[in-house]
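[1] from the sequence below, what's the structure:
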Amino acid sequence: MAQSSHIPENGKLPSLRDIPWLIIFAFRGFFELVRARLIFANLEAKAIPVRNYRAKAKAMADQTVHAATLARITYVIPRLSDRLPWRSDCVIQAIAAQNWLSAYGAASEIQIGVENPQDGEFGAHAWLLYRESVVTGGDIARYHVILAESDQENSPNKTN
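    Sure thing, here's the model as predicted:
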């Protein structure tokens, strides 16, 4: 069965033609979010670069995820997260999507950033990058990266 690359536009409901892929991706997304929540329970922030390194090492060389699959993961994860009865914020979404992409043999990187807007409110956020695409985390332009695998490549004990 050939997959449609159709993804509902922001703010619009899925159409009937989206139902077949949406059901499949919703079940997989739910599984990955449950799994990520269990992983998160024992995860320290300093372990994120190690997760990224392991995901990169596990990935198959030059493995590419089809654009439609990547768009569907990006679409499903945050929508499911909003409807779960447990905490499923940005870090959990990033872990879930990273696990999902790892199953395809694709390397991805969880990054954590901070913002300090004009009003003085401090904010932290996590997102997942696959190549140059933001898979989870939405618009990350206002965040300054403070934790990423690339910061730690040659020195696992390095701190920023």
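
[2] tell me which residues in stretch 20-33 are buried?
    By 16 or more other Cβ atoms under 10 Å, the buried positions in stretch 20-33 come out as Trp21, Leu22, Phe25, Arg28, Gly29, Phe30, Glu32, Leu33. From N, CA and C alone the C-beta is placed, and that goes for glycine too.

[3] so Ile146 sits in a helix?
    No. Read with DSSP: H, G, I helix; E, B strand; the rest coil, Ile146 is strand and lies in no helix.

[4] mind checking how far it is from Pro49?
    Distance, Ile146 to Pro49, by Cβ to Cβ, to the nearest Å: 11 Å.

[5] now Arg37
    When distance is defined by Cβ to Cβ, Arg37 is 21 Å away from Pro49.

[6] in terms of neighbours, single out the busier of those two.
    Pro49 (22 against 17; other Cβ atoms under 10 Å).

[7] host element of that one?
    Per DSSP states H and E, Pro49 falls inside helix 48-58.

[8] check which helices and strands that helix sits against.
    helix 90-103, strand 109-115, helix 149-152 (3 or more Cβ pairs under 8 Å, 6 or more residues apart in numbering; DSSP states H and E).

[9] quick one: which of the ones you listed is nearest Ala45?
    Closest approach to Ala45 among those is made by strand 109-115 (6.8 Å; Cβ to Cβ).

[10] each with direction, which strands does that closest one pair with?
    Neighbouring strands of strand 109-115 in its sheet, by DSSP bridges, are strand 123-130 (antiparallel), strand 144-147 (antiparallel).

[11] below-threshold pLDDT in the chain: ranges please.
    Judged by pLDDT under 70, the chain has its weakly predicted residues at 1-5, 61-62, 149-160.
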